[in-house]
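*Asks:* Model the following, please.
(2 chains, ligands or ions: 2)
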Amino acid sequence: MEQLSGGEMIVRALEDEGVEYIFGYPGGAALHIYDAIFKANSVPHILVRHEQAATHAADGYARATGKPGVVLVTSGPGATNAITGIATAYMDSIPMVVISGQVQSHLIGEDAFQETDMVGISRPIVKHSFLVQRTEDIPSILKKAFFIATTGRPGPVVVDVPKDLTHPEHKFDYEYPESVQMRSYQPSVKGHSGQVRKAARLLLNAKRPVIYAGGGVIQGEGCDLLTDLARRLNYPVTNTLMGLGAYPATDKQFLGMLGMHGFYEANMAMHHSDVILAVGARFDDRVTNTVSKFCPGAKIIHIDVDPASIAKIVPVDVPIVGPVTTVLNDLNAQIDQQLASTDRTLPDATALDEWWRQIDSWRDAHGLWHGRRYGESDHIMPQDAITALYNATNGEAYVTSDVGQHQMFAAQYYKFDYPRRWINSGGLGTMGFGLPAAMGIKLALPEAEVACVTGEGSIQMNIQELSTCAQYDVPVKIVSLRNNYLGMVKQWQDMQYDSRYSESHYASSLPDFVKLAESYGHVGMLIEKKEDLEPAMKEAFALKDRLVFMDIFVEPHEHVYPMHVAPSGAMKDMWLSKTERT
Amino acid sequence: MRRILSVLMENEPGALSRVVGLFSQRGYNIESLNVAPTTDHTLSRLTLTTTGDDLKIEQITKHLNKLVDVVKVVDLTEGAHVERDTLLVKVRAIGAQRDEVKRTTDIFRGHIIDVGPMTYIVQLTGPVDKLDSFLTALGETEVLEVVRSGVAGMSRGEKVLSV
Ligand SMILES: Cc1ncc(C[n+]2csc(CCOP(=O)(O)OP(=O)(O)O)c2C)c(N)n1
Ligand SMILES: [Mg+2]
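*Replies:* Ligands and ions are numbered 1, 2, ... in the order given. Model prediction:
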């Protein structure tokens, strides 16, 4: 059998897993591994400029491709810098394997140089973690790490490797396991058939149904099945922030995003529904508003691969634990059977007609069909900037975002027709996510258009990655909506703190982003005038091989609407503008 | 409501900290916790008492099951079961108290397992409420130190928790 050192085993295992990129940053405890990477010259390594960016890049890669992202960092500060990105991936259930160097085994616990208890510090934000104790265990541990990260409800897995176990002179047998069996880890593979039958019956008897689809539908590759189901029943669909693209946004059955900044018709339909089919969604507090007032007349069917997601926030009438694809297949089959055997009169066409008429009137009043739902100003409106991006990319780009108003505008105004195109930190809300995530996607899919929608606040949290993009030729497009404020913070301060802008303002100290981009060898564009917006955006996307930083001056006082009335509002309680509410 | 959860988990480093971390992270409370190896050296068994309504206990059980090191979880309080806690209590034993403590210990079927010139250590095993009553029954006696093992439990009859 082949004899490899621990460092070599890690590289070989990554090859055997078919890993396309390692995102990482070297340091003492990881140097044996880095030497093995150099010698093997097999799996390309992307040297980021901060370990947080390595995790976001791997995360973006994973979200766009469905394959696990891989990160390699050193011990101590390398490991702690990766924490934010691991937490980001954990909250959004993204498959990722993070390999961290650790001080030598005999030094663990002695407060050695660059020692930190990585397994301990990451414990609440990982799906699982391993501290390697014997070099011989490396292949099986990595096999398990990838297996755990990618199956069931996906998530990040940390593998912490003490330096002595990667020593080049200590070689052991290497064989990468074909498969894994773990008695303590057996994700559900099929939904309970009795529950599926109940769900079909409830769904077919609905008079005011809504399908509420989340990120789990995308992660579980269930978008086509969900779309089929919705279309054959002619039921309305709303997607969560994480689920955008799970159902085509330009389809007439689509109600838009729901939740705190969701569309009027989506929130109204949820509130007034009698049956909700929740698929791969988790009733987040940014969706439900006040839980005790959540959808009072609705019976809820909840499909999720994670049993702990079900009935965590709201009681559920029909829980179904299982992978979205098998459950939706079974549900479709059940619907066929029930339609064939019992009633061809279901679903109740008259009731459904009436429901659609109601929804359409909401759409007309304040929603998607209302025409322009926001005001005008002398400045470019941020919403128009997103529409220009949509037009310049034919609605087909991979769009990452940071966190803030720009994120919500992107979610509302870029109509995502395909899954895996909208890539944002929904659960943790991590500013600094956008650029490194875009980098990871562009590396994975060099032919695709990749845009990062950001704000002048967020972009500065990982702006150093402009250097990584220069080193590896990663021509992403940065659409920075500059409102000169931490805009989302300012919006809350306007609404709840009498416009006292405590620490949300920094206009006088912002860099010249055009020059900054140019100093890295990229293209910078200042876009100030309304009439320049569409042409400049087209021009930027015509520069196929260049990273373009678009510094777009937008109206600084715009707010994101609708916005849930909080605290103590229901889903239907929304601000529709600065002065109107439902 | 008080519940006793019995957990079989892989005897791996860090497994216990994941269980304990889960409780603090999600704001569940632990009343007592008892962990020890089983006859199968790859497994350890943990017994945990906690309180909560059905919904909370369901969530706790689901989250415990989600931990990759956890092999099985049962709520012993769902069925007939036995539970035992062990108490060691060191008391001031001087003068009349020496007899008084001995008498109370006998009534509760405990044992005096250490006799010092001024102190006793009493050992008592039983369900939690029995140990609590014993402590109350000590009355005037000065209690110097108390330690309890935490509850260990099993289902009655044929039901077995194993892999
Ligand atoms: C790392 C991190 N720190 C703080 C916050 C809180 N926060 C949410 S939005 C926001 C403002 C973002 O400003 P900017 O990037 O300019 O976007 P805008 O809202 O102006 O579009 C802040 C500070 C966060 N989400 N992430
Ligand atoms: Mg801003």
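
*Asks:* burial count for A:His45?
*Replies:* 19 (other C-beta atoms under 10 Å in any protein chain shown). In short, each C-beta sits where N, CA and C put it, glycine included.

*Asks:* Once you drop chain neighbours, what's closest to it?
*Replies:* Excluding the flanking residues, the one nearest A:His45 by C-beta to C-beta, 6 or more residues apart in numbering or on different chains is A:Ile22, at 4.6 Å.

*Asks:* Assign the residue nearest to A:Pro177 when sequence neighbours are not counted to helix, strand or coil.
*Replies:* Distances taken as C-beta to C-beta, 6+ apart place A:Lys143 nearest to A:Pro177, at 4.6 Å, with adjacent residues excluded. Here A:Lys143 is recorded as helix under DSSP: H, G, I helix; E, B strand; the rest coil.

*Asks:* Count the neighbours of A:Lys143 for me.
*Replies:* Neighbour number of A:Lys143 under other C-beta under 10 Å is 18.

*Asks:* For it, give me its contacts.
*Replies:* A:13, A:176-177, A:180 (C-beta atoms under 8 Å, 6 or more residues apart in numbering or on different chains).

*Asks:* residues near the nearest residue to A:Asn462 once chain neighbours are set aside, how many?
*Replies:* Spatial nearest neighbour of A:Asn462, chain neighbours left out: A:Gly432 (4.1 Å); criterion: C-beta to C-beta, 6+ apart. Residues lying near A:Gly432 (other C-beta under 10 Å) number 26.

*Asks:* Buried residues of the longest strand seen in chain B, list them for me.
*Replies:* For chain B, the strand with the greatest residue count under DSSP state E is strand B:81-92. Neighbour-count burial for strand B:81-92, counted by 16 or more other C-beta atoms under 10 Å in any protein chain shown, picks out B:81, B:83-92.

*Asks:* Relative to that strand, what are the paired strands and their orientations?
*Replies:* strand B:119-126 (antiparallel), strand B:143-148 (antiparallel), strand B:152-155 (antiparallel) (DSSP bridges).

*Asks:* Can you give the contact residues for that strand?
*Replies:* B:4, B:32, B:76, B:97, B:101, B:113-114, B:118-128, B:131, B:134-135, B:138, B:141-156.

*Asks:* Assumed B:Leu8 was part of a helix.
*Replies:* No: looking at B:Leu8 with three-state DSSP, it is strand, so not inside a helix.

*Asks:* for it, what are its contacts?
*Replies:* B:38, B:43-46, B:70-73, B:161-163.

*Asks:* pLDDT at residue 41, what is it?
*Replies:* Using chain A here. Looking at A:Asn41, its pLDDT is 96.

*Asks:* my question was about chain B
*Replies:* Per-residue confidence (pLDDT) for B:His41: 94.

*Asks:* A helix includes it, no?
*Replies:* No: per three-state DSSP, B:His41 lies outside any helix segment and is coil.

*Asks:* Look at the nearest residue to it once chain neighbours are set aside and report its pLDDT.
*Replies:* Residue nearest to B:His41 in three dimensions, not counting chain neighbours: B:Asn11, with 6.6 Å by C-beta to C-beta, 6+ apart. Note on B:Asn11: pLDDT of 92.

*Asks:* roughly how far apart are the residue in the stretch 301-450 of chain A that ligand 1 sits nearest to and A:Met260?
*Replies:* Relative to ligand 1, the nearest point of the stretch 301-450 of chain A is A:Gly404 (2.4 Å; C-beta to the nearest ligand atom). The spacing between A:Gly404 and A:Met260, counted by C-beta to C-beta, to the nearest Å, is 13 Å.

*Asks:* which of these two has more neighbours?
*Replies:* Just comparing A:Gly404 and A:Met260: by other C-beta under 10 Å the higher neighbour count belongs to A:Gly404, 26 against 21.

*Asks:* Quick check: closest non-adjacent residue to the more buried one.
*Replies:* Once flanking residues are discounted, A:Gly404 sits nearest to A:Met488: 4.2 Å by C-beta to C-beta, 6+ apart.

*Asks:* these two touch, right, that neighbour and A:Val403?
*Replies:* Yes: the pair A:Met488 / A:Val403 is scored as a contact, 7.4 Å apart, by C-beta atoms under 8 Å.

*Asks:* Settle this for me: A:Thr65 is touching A:Ala444, isn't it.
*Replies:* Yes: proximity of A:Thr65 to A:Ala444 meets the contact threshold set by C-beta under 8 Å, at 5.1 Å.
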